[in-house]
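Enquirer: sharing a model that was predicted from the sequence below.
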There are 2 protein chains.
Amino acid sequence: MVQTNLDPEDWEAIRLLYEEAVKDGLDYTRTIRERPVWQPTPNFMKEPEPLPVNPSPVNEVYEQFRKHILPYGVGNLHPAFWGWVHGAGNLYGVLGDICAAFMNCNVGGRDHVAVYVERQVLAWFREVFGFPASASGILTSGTSMGTLIALTVARNTQAVGNVAKDGVAEAGKGLVGYCSTETHSSVSKAFQLLGLGEHSLRQVRTNGAFELDLDAFKQTIEEDKSAGLRPFCVVANAGTVNTGAIDNIEGVAEICKQNNLWLHVDGAFGGFAILLDEYKDRLCAIQEADSVAFDFHKWLQVPYDAGCVLIKDAIAHRASFSARKDYLQGASRGLASGEPWFCEFGPELSRSFRALKVWFTIKSCGMDALKNVICRNCLQALYLARLVEEHYPTLELMAQVSLNIVCFRYVPKKGDVDFVNDFNQQIVADLHETGKAVPSTTIIGGKVAIRVALVNHRTEEADLNRLVQSVLLLGIERMGEEST
Amino acid sequence: MVQTNLDPEDWEAIRLLYEEAVKDGLDYTRTIRERPVWQPTPNFMKEPEPLPVNPSPVNEVYEQFRKHILPYGVGNLHPAFWGWVHGAGNLYGVLGDICAAFMNCNVGGRDHVAVYVERQVLAWFREVFGFPASASGILTSGTSMGTLIALTVARNTQAVGNVAKDGVAEAGKGLVGYCSTETHSSVSKAFQLLGLGEHSLRQVRTNGAFELDLDAFKQTIEEDKSAGLRPFCVVANAGTVNTGAIDNIEGVAEICKQNNLWLHVDGAFGGFAILLDEYKDRLCAIQEADSVAFDFHKWLQVPYDAGCVLIKDAIAHRASFSARKDYLQGASRGLASGEPWFCEFGPELSRSFRALKVWFTIKSCGMDALKNVICRNCLQALYLARLVEEHYPTLELMAQVSLNIVCFRYVPKKGDVDFVNDFNQQIVADLHETGKAVPSTTIIGGKVAIRVALVNHRTEEADLNRLVQSVLLLGIERMGEEST
């Protein structure tokens, strides 16, 4: 009989290949410290191949992966990776992802176990952030998508008319929102997407600690009201991406109450500092928020992608995304039951079973171990800041350490601002290209900073010592080059 | 030395557990035909557990998965699953997903191999749909997200002013779009999200074959223009979700040219019929479109989630989503290079490496084998329609088969419309609960239809024979119950 489906003809052979892949993946993870953090992708992987018409033996396809793809990833598993804010992953989460891959569930709706696992995960994190059991939520690819969902509900709820039906021009005119100038670009992207326009997002100045200036915030609201506009929401930061600054969420919540604003908290990574006694007092005001978005794939070390948004008004949340037509009707029993469906809480109808890797991670690690990672990373940030200060004035700390992010720069003995900025850019590129470490860069007060975001459970203090030594050496080498 | 990171202490033990998971997943797939298509989730999996503070041994966590999660999925791997439009997955794609899980890449941007694999996949599907090499694209969770991205670019490009900066109220007033009444709900959801409002989407009537009525379309444009509105886009269907109808894309494209409309094609599953000679003539007009969105996780059998959008005007595409702040600046070398970044082509900054499972599937299967699945499914739809017609008037075919979807119903000898509708709902729920088959339902002309969407590479004709026999038997049983 000719096999017409796509299943393998030799199941034992495919099992052996899967075992090889598992062994290679585990070896790769176990020996990660021995490898360069990053290395450039081979050029031939950049040249497109023609569309494959005929099948290739899967062992050959896998071999291409093993040789030419596996070694050339982002590098975020490595203990010396501190670029942007990438978690380092964990093998319980990877196991969950493997299990989810076999199951191949679409979690857009209906009545099957993946829906209940996702609801379990949501219940856990309502508990973490002090949200009531009646709050709704949904897992997302990350905080950008979570924030977009929250701001959609905020816009629809706060407008005078029916924005969903009649549009912003008819029903949402004059809506303005607020955030600090240090807020993540995903917020202004959401304003663009939602048809409110970037200009409707007031980016309010920060105080010396890069936190939203509450007086300026109040004043801007008053000005907007006087101009006949309709203030509707604010995004507060639980850990800014630049420096880890935490806005005064309690103070923001108070102003929201007075002005009937929707309070959304961007807790992408910093929200989880709520687990630590040192930050609990400042972050427990998240429970006052109307919505909070955060990532599992950052400080909770779940593999990419896994974010979440929680929304207190479940009815408003569902109303903003529920649009089920004839072919998506529910039933009282069978697979088509299971109300409400997740597709009613976000823009996606096709949704992966990403909840399973979160479930595996939380259960296998336990929250205490994850809390310890967060605590250790914060201590490491202080340690690194001290190291930097010990090398003043060659190294200069550029912002106070509020959480887990350290911004510093190398200050060569001569050179104008542009020269020094480029100098630090080059040092970071050198670190990448030598495979020694991956910090990223940002700009603080017009100056390029080397930015170290500590969200890595594999990092040890010795890695930070080596980073500082490498920066110093690269600086000296570069100065030597400049002098010759 | 105390281990502080989250890596396993016993690497050999974790390897054995991973091997067990692989064996279980493969056994589950190999024996899928012996299982019920669907079975209800055990009740205790629906009751939330408290947040785990302490770790659980990963073997115990896995055991809970194996016993209480794995058997209770959606069921779409099963040959008798034809509900909604779910692909059945394939083991080369699962292998790709496993490899991606280990790598844990964020494909939001930067210079690493995952970016190049995604670009490779995009190049292949530009070729499939006849889009030029200059077209941009991005992988998404599915067509809903792909369509949202395309319509964002359409809105921003077609508005007179700068919608992204000034919002719809200032710069996008009067924009109206078009689609047929048979169009997927994701399109009206996109209009809601984009601030255009659902009312700005004109749902134009269809002809007898459920295709967009071109005369009505032209007339609606004229009426809108006369009313001072600004027609800006149309969504054409390459396979509607209800019946698989294919709009006259060539005719729609012609009207778009005359009226300067953006043409977006929803090719979620049906777009891939372009691979077949029988449909090529009708679908090659997709190359005239400004954008097309489609899913890999449907007819191409890639595991969830994997969709895509291609957009001809790469500059407009990038301009609609590019908002990189200081901490997201690129560099000329090192990991921060690799321009342009994928986060500039969609709303997400965190993005999974879903391209790898597509890459594994396409290379290992080859397009010819995938084409054969599509061809066989279309023939199976005709076969099922014939079977249904052989049992007329007990079974009634409710729409002509245009592609791979068969809508029919059981017509009991007595009972009004509501009775018959409920009767068919109950038959479908019975099929689910007995685990025999999973069709879904839809409504055609006010009548509930049993809807069989054939996008399953494991389905054989005998499965369709069994479906018809089961429906007939359940109908007779139910009529018996009703008479007693």
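Expert: Looks like it arrived, so ask away.
Enquirer: ok, now how distant is A:Glu250 from chain B?
Expert: 24 Å (C-beta to the nearest C-beta, to the nearest Å). (Each C-beta comes from the backbone N, C-alpha and C, glycine too.)
Enquirer: contacts only, for the residue of the stretch 51-200 of chain A found nearest chain B.
Expert: For the stretch 51-200 of chain A and chain B, the shortest gap (C-beta to the nearest C-beta) falls at A:Gly195, measuring 1.9 Å. Under the criterion of C-beta atoms under 8 Å, 6 or more residues apart in numbering or on different chains, the neighbours of A:Gly195 are A:167-168, A:172, B:155, B:163, B:167-169, B:172, B:194-196.
Enquirer: okay, the residues you listed in CSV with distance to B:Lys414, secondary structure and pLDDT next?
Expert: As requested, the contacts of A:Gly195 are arranged in CSV below (distance: C-beta to C-beta, whole Å; DSSP: H, G, I helix; E, B strand; the rest coil; pLDDT from 0 to 100):
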residue, distance to B:Lys414, secondary structure, pLDDT
A:Gly167, 48, helix, 97
A:Val168, 52, helix, 97
A:Gly172, 52, coil, 93
B:Arg155, 52, helix, 98
B:Val163, 57, helix, 96
B:Gly167, 58, helix, 97
B:Val168, 53, helix, 97
B:Ala169, 56, helix, 95
B:Gly172, 54, coil, 93
B:Leu194, 49, coil, 98
B:Gly195, 50, coil, 98
B:Leu196, 47, coil, 98
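Enquirer: and the helices in the stretch 201-350 of chain A?
Expert: With DSSP state H, counting those that start in this stretch as the definition, the stretch 201-350 of chain A shows helices at residue ranges A:214-226, A:249-259, A:277-283, A:314-319.
Enquirer: output these as CSV; include the columns mean pLDDT and distance to A:Pro393.
Expert: Rendered in CSV, the data for the helices of the stretch 201-350 of chain A read as follows (pLDDT from 0 to 100; distance: least, C-beta to C-beta, whole Å):
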stretch, mean pLDDT, distance to A:Pro393
helix A:214-226, 98, 33
helix A:249-259, 98, 36
helix A:277-283, 97, 30
helix A:314-319, 97, 52
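Enquirer: quick check, nearest of the contacts of A:Gly195 to B:Asp97?
Expert: When the contacts of A:Gly195 are ranked by distance to B:Asp97 (C-beta to C-beta), B:Leu194 comes first, at 31.5 Å.
Enquirer: where's the closest one relative to A:Gly146, distance?
Expert: With distances taken as C-beta to C-beta, to the nearest Å, B:Leu194 is found 18 Å from A:Gly146.
Enquirer: A:Gly174 too?
Expert: The gap separating A:Gly174 from A:Gly146 is 26 Å, by C-beta to C-beta.
Enquirer: quick one, which of those two is more surrounded?
Expert: A:Gly146 (31 against 18; other C-beta atoms under 10 Å in any protein chain shown).
Enquirer: quick one: that one is in a helix?
Expert: Yes: when DSSP: H, G, I helix; E, B strand; the rest coil is applied, A:Gly146 is found to be in a helix.
Enquirer: is it in contact with A:Gly307, as I believe?
Expert: Yes: the criterion here is C-beta atoms under 8 Å, and A:Gly146 meets it with A:Gly307 at 5.1 Å.
Enquirer: got a list of contacts for stretch A:8-17?
Expert: A:3, A:58-59, A:62, B:22-23, B:26, B:30, B:91, B:95.
Enquirer: can I get the residues you listed in TSV including secondary structure and pLDDT?
Expert: Supplementary listing: these in TSV, determined by DSSP: H, G, I helix; E, B strand; the rest coil; pLDDT from 0 to 100:
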residue	secondary structure	pLDDT
A:Gln3	coil	65
A:Val58	helix	98
A:Asn59	helix	98
A:Tyr62	helix	98
B:Val22	helix	98
B:Lys23	helix	98
B:Leu26	helix	98
B:Arg30	helix	98
B:Leu91	helix	98
B:Leu95	helix	98
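Enquirer: so among these, which ones count as buried?
Expert: Taking 16 or more other C-beta atoms under 10 Å in any protein chain shown as the criterion, what is buried in the contacts of stretch A:8-17 is A:58, A:62, B:22, B:26, B:91, B:95.
Enquirer: quick one: contacts for A:Ile311?
Expert: Neighbour list for A:Ile311: A:135-137, A:149-150, A:153, A:290-291, A:317 [criterion: C-beta under 8 Å, 6+ apart].
Enquirer: go with 10 Å
Expert: By C-beta atoms under 10 Å, 6 or more residues apart in numbering or on different chains, A:Ile311 lies in contact with A:131, A:135-138, A:146, A:149-150, A:153-154, A:157, A:262, A:264, A:289-293, A:317-318, A:320, A:345.
Enquirer: near chain B too, which of the residues you listed?
Expert: Near chain B, judged by C-beta under 10 Å from any C-beta of the partner chain, the entries from the contacts of A:Ile311 are A:146, A:149, A:320.
Enquirer: helix or strand: which one has the second one?
Expert: A:Ile149 is part of helix A:143-158 when elements are defined by DSSP states H and E.
Enquirer: pretty sure A:Ile374 sits against A:Val455.
Expert: Yes: using C-beta atoms under 10 Å as the test, A:Ile374 is close enough to A:Val455 to be in contact (8.4 Å).
Enquirer: other SSEs contacting the lowest-mean-pLDDT helix or strand in chain A?
Expert: Every helix and strand of chain A was ranked by mean pLDDT, DSSP states H and E. The lowest is helix A:461-483, at a mean of 92. With contacts defined as 3 or more C-beta pairs under 10 Å, 6 or more residues apart in numbering or on different chains; DSSP states H and E, the packing partners of helix A:461-483 are helix A:367-390, strand A:395-397, strand A:405-410, helix A:417-434, strand A:447-453.
Enquirer: buried residues, that helix. List them.
Expert: Of all the residues in helix A:461-483, those buried under the rule 16+ other C-beta under 10 Å are A:463-464, A:467-468, A:470-471, A:474-475, A:478-479.
Enquirer: and A:Lys480, how close does it get to chain B?
Expert: That one is not Lys; residue A:480 is Gly. 20 Å.
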